[in-house]
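Undergrad: 3D model of this:
(one chain, ligands or ions: 1)
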Amino acid sequence: MEEKLFLYNSLSRKKEKFEPVNPPYVGMYVCGPTVYGDAHLGHARPAVTFDLLFRYLLHLGYKVRYVRNITDVGHLENDADSGEDKIAKKAKIEQLEPMEIAQFYINRYHREMQKLNVLDPSIEPHASGHIIEQIELIKVILEKGYAYESNGSVYFDVEKYNKNYNYGKLSGRVLDDLYCNTRELDGQSEKRNSFDFALWKKASPEHIMRWSSPWSDGFPGWHLECSAMGHKYLGEKFDIHGGGMDLLFPHHECELAQNTVAIGEETVKYWVHNNMITINGQKMGKSLGNFITLEEMFSGSNKILERPYSPMTIRFFILQAHYRSTLDFSNEALQAAEKGLTRLLKGYEVLSKLNPDNESSVDAETIMSKCYDAINDDLNSPIVISYLFDAIKIINSVACGNEKIDRKNLDTLKDIFNIFLFNILGIKNDSSDSQENSEVLKNVLAMVLELRSQAKANKDYATSDLIRNELSKLGITIKDKKDGCEWEIN
Ligand code: ZN
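TA: Residues are numbered from 1 along each chain as shown. Okay, the predicted model is just below:
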């Protein structure tokens, strides 16, 4: 296997040649959802981004162990160490067990991921199922002297860590700045410094999700779960750790610090982060009233949406931007993506019907290698897509007779679509569904047209015109012929 893939490493802030720690095995850990609400657009982007990476690594022949966790405990409301547990809060409102809430949203998350054709991870560990591992990790960090106990809680000593290591090396934050920014906000006297983060929190009496530990009845800090589960399933040193850019700080910075103390060296070789999405130029947020869940996206049931958008339109739209660029959702942009995807899929249909010639004016091999160059260049999916559009132009010229293609180049063109569009970009051609639908549609249309010809036979032209006009509104054109009529979907 020739290694040509370059990935942007958030740690070194440059593209690096991808060389696994232990080839042909690749360990990839991606921070999954905190399951207290429906999956939304903000979940779709990392899911699709790391699905693209997962699919490409598999295509390259690696044996990938892809771990995507479920956060079902310890993620407090304000992402720091205060506020209620997000899941426990929802459970209280709904009067359900916290694990009922978690399971309900896990099931729904899986359903939406399937619609987006996101492959299942190899392991999907839950934070609540790894409390023992987290407690053990805290013990190690305490033993090494980088944590302290305070009133039944355990905090990571960031100041001490920064003396021997570099706190902020991943996110670019400087500890000195954090002193100024956070000191005044600090109301938590348990901590030595406001930027220290919880490894274990003592539970207040009303807190439902709690476990016993050497320090108190309580629960683990949010950042700890990914360190514990990453080590457990991928070992002390593994290849890729991913997530959205919003996780860079504090989540991943804290994770890196925990790992470094526990293992004595860095655990993760490549830190990969996808950029965020905006909606009509604004950050998405419940308070801004522009929050769209995936379910609403697919059904169109949100006032921001002019109409529903299929999961494949959403997937294609996400892939049309490079994962490190921001991505702005708007009806206009989604409709453009939908058109583009239809053009690609229609072009593929034309391609599958082309007959080879003896000679070829088409050089498909060059397009193939350009696609590989683009995907190897830090997963540049928009460039891959632009080459697929180039291929469509060629296919259409061949279909019109303006270009000639031989068997070899024809097969290569088909390979390009199968490898890149369907396999790596993970676009599903829903033609099997639509074939079933079109069977039903054909029968219904036959019935409607029969009613129309009866109306005509009875000289009821008002009804026959009404049927024709109504069908036309639905995009179905009827052409009258001597022996009946033909129909066409526009
Ligand atoms: Zn995480």
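
Undergrad: rest of the way, CA atoms for contacts and neighbours
TA: Will do.

Undergrad: spit out the contact partners of Ile383.
TA: The neighbourhood of Ile383, defined by CA atoms under 8 Å, 6 or more residues apart in numbering, consists of Cys371, Ala374.

Undergrad: okay, and it sits in which element?
TA: Element membership for Ile383, per DSSP states H and E: helix 381-400.

Undergrad: in that helix, what's buried?
TA: Counting neighbours by 16 or more other CA atoms under 10 Å, one finds that the buried residues in helix 381-400 are 381-385, 387-389, 391-392, 394-396, 398-399.

Undergrad: give the next helix or strand downstream of the lengthiest helix in the chain.
TA: The residue-count maximum for a helix in the chain (DSSP state H) belongs to helix 431-457. Beyond helix 431-457 in the direction of the C-terminus, DSSP H and E gives the next helix or strand as helix 461-473.

Undergrad: residues making contact with that next one?
TA: Applying CA under 8 Å, 6+ apart, the set of residues contacting helix 461-473 from outside is Val448, Arg452, Ser453, Ala455, Lys456, Thr477, Ile478.

Undergrad: restricting to C-alpha, output that helix in PDB.
TA: Extracted C-alpha coordinates of helix 461-473, given in PDB (Å, rounded to 0.1, in the frame of the first residue of the first chain):
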ATOM      1  CA  TYR A 461     -63.600  18.000 -21.800                       C
ATOM      2  CA  ALA A 462     -63.700  20.000 -18.600                       C
ATOM      3  CA  THR A 463     -62.700  16.900 -16.600                       C
ATOM      4  CA  SER A 464     -60.100  15.700 -19.100                       C
ATOM      5  CA  ASP A 465     -58.500  19.200 -19.200                       C
ATOM      6  CA  LEU A 466     -58.600  19.400 -15.400                       C
ATOM      7  CA  ILE A 467     -56.700  16.100 -15.200                       C
ATOM      8  CA  ARG A 468     -54.100  17.200 -17.700                       C
ATOM      9  CA  ASN A 469     -53.600  20.600 -16.000                       C
ATOM     10  CA  GLU A 470     -53.400  19.100 -12.500                       C
ATOM     11  CA  LEU A 471     -50.800  16.500 -13.700                       C
ATOM     12  CA  SER A 472     -48.900  19.200 -15.400                       C
ATOM     13  CA  LYS A 473     -48.700  21.100 -12.000                       C
END
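
Undergrad: now do it and helix 431-457, the angle between them.
TA: Here helix 461-473 runs at 160 degrees with respect to helix 431-457, directions being taken by axes from the mean of the first three to the mean of the last three CA atoms, to 10 degrees.

Undergrad: direction included, what does whichever helix or strand comes after helix 461-473 pair up with?
TA: As assigned by DSSP H and E, the chain's next helix or strand after helix 461-473 is strand 476-481. The strands that strand 476-481 pairs with in its sheet are strand 484-489 (antiparallel) (by DSSP bridges).

Undergrad: how far away from the center of its chain is the helix holding Ile383?
TA: Relative to the chain's own centre, helix 381-400 is displaced by 26 Å; criterion: CA atoms, centre = their mean, to the nearest Å.

Undergrad: pLDDT (mean, whole number) over that helix?
TA: Per-residue pLDDT over helix 381-400 has a mean of 97.

Undergrad: contacts only, for Ile405.
TA: Pro356, Asp357, Asn358, Glu359, Ser360, Ser361, Val362, Val398.

Undergrad: so which of the residues you listed belong to helices?
TA: Per DSSP H, the subset of the contacts of Ile405 in helices is Val398.

Undergrad: just the ones in strands from the contacts of Ile405, please.
TA: In strands, judged by DSSP state E, none of the contacts of Ile405 are found.

Undergrad: make TSV out of the contacts of Ile405 and add distance to Val268.
TA: Shown next, in TSV, are the contacts of Ile405 (distance: CA to CA, whole Å):
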residue	distance to Val268
Pro356	49
Asp357	52
Asn358	53
Glu359	51
Ser360	48
Ser361	48
Val362	44
Val398	49
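
Undergrad: list only buried entries from the contacts of Ile405.
TA: When those are checked for burial by 16+ other CA under 10 Å, the buried set is Pro356, Asp357, Ser360, Val362, Val398.

Undergrad: test my guess that the first one contacts Asp406.
TA: Yes - Pro356 is within contact range of Asp406, at 4.7 Å (criterion: CA atoms under 8 Å).

Undergrad: so what's the residue count around Cys371?
TA: The criterion is other CA atoms under 10 Å. On that basis, Cys371 has 23 neighbouring residues.

Undergrad: right, I mislabeled it, should have said Gly172
TA: Using other CA under 10 Å as the criterion, Gly172 is surrounded by 14 other residues.

Undergrad: go on, Thr278?
TA: That count, for Thr278 with other CA under 10 Å as the rule, works out to 18.
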